[in-house]
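Undergrad: Below are the sequence and a predicted model; questions follow.
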Amino acid sequence: MAGKGLVLVVIDGLTPAMLERAVESRRAPALALLAERASYGRAVSTFPSLTPVCLSSIATGSHPDVHHIPHLVWYDRGARRFVEYGSSFAALRTAGTRRSIIDTIFHMNDRHLSADAVTVYEALEDAGLRAAAINVTCYRGRTRHRTTLPGVRRTANGPSRFFFYNLFESDETGAPLAVRHRAAGTVDGYAAAVGRWLVTRDCFDFLLYYLSDYDFASHAFGPEGAEHVLERTDAAVAALLDAGGGVDEFLDRYAVVVCSDHGQTAVTRAERLEAAFADLELARPGARSRGSVAVAASNRAGMVYRLPGCPEDVGELALRLDGRPEVDVVVYLEGDEAVARREGEELRFARGDGGWETSGDRAVLRYPDALERTWAALHNPNAGDLLVSAREGVEFADLGGAHHTGGGSHGSLVPGDSIVPVLTIGVDGGSEPASITDLAPLVLEHFGVEPPGSMRRAAAMAA
C-alpha cells in the first residue's frame with residue numbers, strides 16, 4: 001500500500017489552454033507551483049461532456065453505459081417524466097422545483113447511479129482506507145449521513161468524510177455558507193475552508209476536492225473571459241497547500257492529481273432542438289399528455305426519446321436533423337450497430353474482436369475517442385434514442401428556455417468541450433490517464449487496491 005495519501009483536485013470547466021496560460025503568467029501561483037513538480041498531459045472527457053455525467057465517470061471510472069447518468073436533463077421512460085439536475089433555475093422550475101432538487105441531491109446517487117458501478121469511495125473504504133469528498137455531485141459511499149436541513153429526515157450514503165454545499169457535513173468545520181454569494185466565489189470558498197480543516201487534521205487517505213466556481217464564471221463570460229475567477233480557484237488550491245505547511249511539505253504527505261471534468265467553448269447563439277419535431281406530439285414537463293417524442297436538451301448536447309405511438313422510427317427521426325444548422329452529429333442504434341450522421345454522411349460502427357468494425361465515412365466521428373464515447377453513451381439505458389452533438393458556437397436551450405449565449409458552454413464531442421488538462425505528482429502505479437475514466441482506477445492503483453471490473457481500465461486490462 002502506498003505511504004502517501006492522494007488529493008484529486010477537479011476544477012470544473014478548466015481548459016488546457018487556460019491552465020497553461022495561468023501557470024505561465026503566474027496568475028495562478030499555487031497551480032504553477034504544482035505544475036513545476038508535475039507530469040502534464042491531456043485526457044478525454046466522456047459524452048455528453050456535461051458535469052453530472054463527467055463527475056460520475058470520474059468517480060466510477062466508467063462511461064455512461066456503466067454508471068447510467070445520461071445528461072443534465074433526461075426523460076425517465078418508466079416514470080414518464082423529465083429528470084432535471086440543474087441546467088438553470090428556469091429549467092428546475094419547469095421540471096418542478098421540489099422534484100428536481102430531490103433528484104439532484106438524493107436520487108442521482110441512490111436511484112439513478114447504477115448499483116453495478118462501484119465508486120472510488122466505496123472501493124477505497126471497502127479496503128479499509130478513509131475517503132473524503134467536497135461538493136462533488138457523484139458521492140455514493142458506504143456511510144449513511146443525515147442532511148443538515150431542519151425537519152428533513154432524508155439520508156444519503158457518502159464517504160466517511162462527506163461535505164456537500166452545507167447540506168451534508170460529516171464534521172463541524174466552521175466553514176461558511178457555500179451558496180450565500182455564488183458569483184463572488186463562496187462555493188469554492190466553502191470548499192477551501194473544509195479542505196483546510198481536513199488537511200490540518202490529516203483525516204483522510206483520499207480526497208476528491210471539487211471546485212466549480214470557474215465553470216460558473218466561464219458560462220457567463222466565456223472560456224477566455226474567466227481568468228480572474230481562476231485566480232480565486234487557485235486560492236482554494238493554495239488553501240490546501242498552506243494547511244499542509246507549504247507545497248513541499250504538502251507533497252511529502254500527499255500525491256496530487258489536478259484535472260478538469262470537461263472543457264468549454266464559446267457560444268454565439270441558442271436554438272431549440274424541439275423545433276425539429278414540432279409537428280409531432282412532444283412530451284412536456286408536467287403535462288398530462290404523454291407525447292410521442294420527448295426532447296431533453298441543455299448546453300451543447302441533446303437527446304431525443306421515441307415514445308410509444310410515435311409514427312416514425314428512430315432512423316426517420318434522425319433524418320429530421322440532417323442539414324439543420326444547429327446540429328453537428330447525430331448518433332443512434334440500429335440493430336447491433338451504431339449509426340452516426342453528419343451533414344448527410346453516415347458511419348456505422350460496432351465493437352469487434354480487438355477493435356472497431358466500421359463502414360462508411362470515418363470523418364463523421366472525427367473527434368477525440370468518439371467511437372468509444374458515443375457507443376458507451378448509446379448503451380446507457382437512460383439515454384435517448386438519438387444523441388445529438390451541437391455545432392460549434394451553438395447551444396441548445398434547456399427546458400426553461402435558458403442558455404449561455406455570449407458566454408461558454410460544453411457537452412458536445414468537439415475537442416474544446418472534450419479535452420481536459422491533467423497534472424500528476426507522486427502517484428504510484430498505473431500509466432498517465434488518457435481519459436477521465438482512468439482517474440478512479442489510477443487512485444486505487446496508487447493505494448494498492450485492485451480496481452473492480454466495473455471500472456473501464458480494469459475491464460480493458462481483463463479483456
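TA: It's in.
Undergrad: residue at max distance from the center of this protein?
TA: What lies farthest from the middle of the chain is residue 311; by C-alpha atoms, centre = their mean that is 34.2 Å.
Undergrad: Report the contact partners of that residue.
TA: 280, 292 (C-beta atoms under 8 Å, 6 or more residues apart in numbering). All C-beta atoms are positioned from the backbone trio N, CA, C, and that covers glycine.
Undergrad: give me the low-pLDDT residue ranges for the protein?
TA: Applying pLDDT under 70 to the chain flags residues 1-2, 287-289, 457-463.
Undergrad: Which residue ranges make up the domains of it?
TA: 5-69+113-266+414-462, 271-403 (automatic domain parsing).
Undergrad: Dump the ones you listed to TSV, plus distance to residue 107.
TA: Output for the domains of the chain, formatted as TSV (distance: least, C-beta to C-beta, whole Å):
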stretch	distance to residue 107
domain 5-69+113-266+414-462	9
domain 271-403	12
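Undergrad: any idea how far residue 248 lies from residue 445?
TA: 25 Å (C-beta to C-beta, to the nearest Å).
Undergrad: between the two, who's got more neighbours?
TA: residue 445 (20 against 11; other C-beta atoms under 10 Å).
Undergrad: just how off-centre is the helix or strand encompassing the more buried one within its chain?
TA: Residue 445 is part of helix 439-446, with elements assigned from DSSP states H and E. The chain centre lies 18 Å from the centre of helix 439-446; the measure is C-alpha atoms, centre = their mean, to the nearest Å.
Undergrad: Mind jotting down where the helices sit in the stretch 301-450 of the chain?
TA: Per DSSP state H, counting those that start in this stretch, the stretch 301-450 of the chain carries helices over the ranges 314-319, 370-378, 415-418, 439-446.
Undergrad: got the phi/psi numbers for the residue farthest from the centre of the chain?
TA: Dihedral angles phi and psi of residue 311 (degrees, to the nearest 10) take the values phi -80, psi -10.
Undergrad: likewise residue 74?
TA: In this entry, residue 74 is assigned phi and psi values of phi -150, psi 170 (degrees, to the nearest 10).
Undergrad: got a list of what it touches?
TA: Contacts of residue 74 (C-beta under 8 Å, 6+ apart): 82-83, 296, 303, 382-384.
Undergrad: 7 Å instead?
TA: Contact analysis of residue 74 by C-beta atoms under 7 Å, 6 or more residues apart in numbering lists 83, 296, 303, 382.
Undergrad: Top of these by number of neighbours, please.
TA: Counting neighbours by other C-beta under 10 Å, the top entry in the contacts of residue 74 is residue 296, with 27 neighbours.
Undergrad: and among the domains of the chain, the most buried is which?
TA: Across the domains of the chain, the average number of neighbours (mean count of other C-beta atoms under 10 Å) peaks for domain 5-69+113-266+414-462, which reaches a mean of 21.
Undergrad: In this structure residue 22 contacts residue 34, no?
TA: No: with contact defined as C-beta atoms under 7 Å, residue 22 does not count as touching residue 34 (11.7 Å).
Undergrad: hang on, residue 408 packs against residue 267?
TA: Yes: look at residue 408 against residue 267 with C-beta under 7 Å: they come within range, at 6.2 Å.
Undergrad: which neighbours do these two share?
TA: In contact with both residue 408 and residue 267: no residue, using C-beta under 7 Å, 6+ apart.
Undergrad: Now do the phi/psi pair for the spatially most central residue of the chain.
TA: Centroid-nearest residue in the chain, with C-alpha atoms, centre = their mean: residue 54, separated by 2.1 Å. Dihedral angles of residue 54 (phi, psi; degrees, to the nearest 10) stand at phi -70, psi -50.
Undergrad: Three-state assignment for the nearest residue to it once chain neighbours are set aside, please.
TA: Leaving aside its sequence neighbours, residue 54 sits nearest to residue 261 (C-beta to C-beta, 6 or more residues apart in numbering; 3.6 Å). For residue 261, the secondary structure call by DSSP: H, G, I helix; E, B strand; the rest coil comes out as coil.
Undergrad: right, so of the domains of the chain, which gets closest to residue 93?
TA: Nearest to residue 93, of all the domains of the chain, is domain 271-403, at 6.2 Å by C-beta to C-beta.
Undergrad: quick one: residue 254 and residue 411, what's the gap?
TA: In terms of C-beta to C-beta, residue 254 sits 32 Å off from residue 411.
Undergrad: Which stretches in the stretch 201-350 of the chain count as strands?
TA: Assigned by DSSP state E, counting those that start in this stretch, the stretch 201-350 of the chain shows strands spanning 206-211, 254-259, 265-266, 269-271, 293-298, 301-306, 327-334, 337-342, 345-352.
Undergrad: so can I have JSON lines of these showing distance to residue 127?
TA: Output for those, formatted as JSON lines (distance: least, C-beta to C-beta, whole Å):
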{"stretch": "strand 206-211", "distance to residue 127": "11"}
{"stretch": "strand 254-259", "distance to residue 127": "17"}
{"stretch": "strand 265-266", "distance to residue 127": "39"}
{"stretch": "strand 269-271", "distance to residue 127": "46"}
{"stretch": "strand 293-298", "distance to residue 127": "37"}
{"stretch": "strand 301-306", "distance to residue 127": "35"}
{"stretch": "strand 327-334", "distance to residue 127": "37"}
{"stretch": "strand 337-342", "distance to residue 127": "36"}
{"stretch": "strand 345-352", "distance to residue 127": "31"}
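Undergrad: and residue 362, which of those strands is closest to it?
TA: Comparing those by C-beta to C-beta, strand 345-352 comes nearest, at 6.2 Å.
Undergrad: strands paired with that closest one, and their directions?
TA: Using DSSP bridges, strand 345-352 pairs in its sheet with strand 337-342 (antiparallel), strand 355-360 (antiparallel).
Undergrad: The residue nearest to residue 54 and residue 57 touch, don't they?
TA: No: counting by C-beta under 7 Å, residue 261 stays clear of residue 57, with 8.0 Å between them.
Undergrad: Spit out the residues that contact the two alike.
TA: residue 436.
Undergrad: tell me how far the ends of stretch 114-131 are from each other?
TA: Using C-alpha to C-alpha, to the nearest Å, one end of stretch 114-131 lies 20 Å from the other.
Undergrad: And the contacts of that stretch?
TA: 59-62, 66-68, 133, 138, 140-142, 159-161, 203-206, 440, 443-444, 447, 449, 452, 454.
Undergrad: Give me the subset of those that lies in helices.
TA: 59-60, 66-67, 440, 443-444 (DSSP state H).
Undergrad: In CSV, list those along with distance to residue 337.
TA: What follows is the ones in helices among the contacts of stretch 114-131, written out as CSV (distance: C-beta to C-beta, whole Å):
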residue, distance to residue 337
59, 30
60, 26
66, 21
67, 24
440, 30
443, 35
444, 34
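Undergrad: And the strands of the stretch 201-350 of the chain: which comes nearest residue 91?
TA: Of all these, strand 293-298 comes closest under C-beta to C-beta, at 6.9 Å.
Undergrad: So which elements touch the closest one?
TA: strand 73-76, strand 301-306 (3 or more C-beta pairs under 7 Å, 6 or more residues apart in numbering; DSSP states H and E).
Undergrad: returning to what we had before: what comes into contact with the helix holding residue 445?
TA: Contacts to helix 439-446, defined as C-beta under 7 Å, 6+ apart, come from residues 2, 6, 8, 58-61, 120, 123-124, 206, 255, 257, 259, 427-430, 433, 451, 455, 457-458.
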